[in-house]
Structure formats: C-alpha cells, structure tokens
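K.L.:
pasting a predicted model and its sequence here:
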Amino acid sequence: MSKIVTAINSMISNSELITDVIKGTYDSEYFFKYSKKHNWSIFKAKDDNYILNYYPGNPNLNDLAGLPDEAWEDHGPQLVNYSTKTLGTKEAIDSFRELHSIVSEKAYGMDDVLNDIIGNDLL
C-alpha cells in the first residue's frame, strides 16, 4: 500500500483532527488542516479523479481557497500532488473518496448536525 493511502486512512480514522475546512473555488474543492499543522486541499475532478494537495509551510488557507485558476501558475504555492489517476488502485480511490466526503461534510458543519441528531435519539 502506498504511504499516502496509509496517511489518508489515518486521517479518515482520526477525522476529528480535520479542522479549518474552507470551500475552494471549484465545486468539489476543500482546503483543510490536519492535526492543526498540515495544510491540504482535496477535490474531485470532472473525470472522477480525486486530487489531494499538500502545502508545506504555513500558507493561509483562506488565500489559497480564493485564488482563481489563472493565478495558480504565477502565485500558487509550492505543493505536493497526489491523484487517484496516478495511484490507480481500488483502495486508493475508495480512500480518497471517503476523505473527500468527510472533509465536505465538515465544510457544512455536518458533524454538529449529526451529533445533535444522534444525541437527541439518546434522550
């Protein structure tokens, strides 16, 4: 198994460490922090390819989320790029898909909504 898939599975298992989720300019693009120090973005391309980017250092995620496409070439940050197209295994695709789902739910506060619903069922 690829090291990045192992890392993604760890992020999925410890999803409470995914914070500061910000919607990007693409419909399915989200920027987030993991463990308060690792800066990432994930999006699903039109060809069902998932792309996960890691941003070293401490870039401002709000600034990155607001960069238009044409600015990425000249003003985009350094990044390390991973994609399901390159990795290609079923496990990689499933892991990327699940991470994207978790991050998108966090962007809309679904953790709180679902915890509220689950909590009310326990009363």
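P.N.:
Perfect, thanks for sending it. Predicted model only: the values in this text are computed from it and were never measured.
K.L.:
with just CA atoms, put the longest helix anywhere in the chain into PDB.
P.N.:
The longest helix of the chain (DSSP state H) is helix 90-107. Provided in PDB are the C-alpha atoms of helix 90-107 (Å, rounded to 0.1, in the frame of the first residue of the first chain):
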ATOM      1  CA  LYS A  90      -9.300   0.500  -5.800                       C
ATOM      2  CA  GLU A  91      -8.100   1.100  -2.300                       C
ATOM      3  CA  ALA A  92      -6.600   4.500  -3.200                       C
ATOM      4  CA  ILE A  93      -9.800   5.500  -5.000                       C
ATOM      5  CA  ASP A  94     -12.000   4.400  -2.000                       C
ATOM      6  CA  SER A  95      -9.800   6.200   0.500                       C
ATOM      7  CA  PHE A  96      -9.600   9.400  -1.500                       C
ATOM      8  CA  ARG A  97     -13.400   9.300  -2.000                       C
ATOM      9  CA  GLU A  98     -14.100   8.800   1.800                       C
ATOM     10  CA  LEU A  99     -11.700  11.600   2.800                       C
ATOM     11  CA  HIS A 100     -13.400  13.900   0.300                       C
ATOM     12  CA  SER A 101     -16.700  13.000   1.800                       C
ATOM     13  CA  ILE A 102     -15.600  13.600   5.400                       C
ATOM     14  CA  VAL A 103     -14.000  17.000   4.500                       C
ATOM     15  CA  SER A 104     -17.000  18.200   2.500                       C
ATOM     16  CA  GLU A 105     -19.300  17.300   5.400                       C
ATOM     17  CA  LYS A 106     -17.100  19.200   7.800                       C
ATOM     18  CA  ALA A 107     -17.300  22.300   5.500                       C
END
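K.L.:
give me the mean pLDDT for the next helix or strand after it.
P.N.:
Using DSSP states H and E, the helix or strand that follows helix 90-107 towards the C-terminus is helix 110-121. Mean per-residue pLDDT for helix 110-121: 82.
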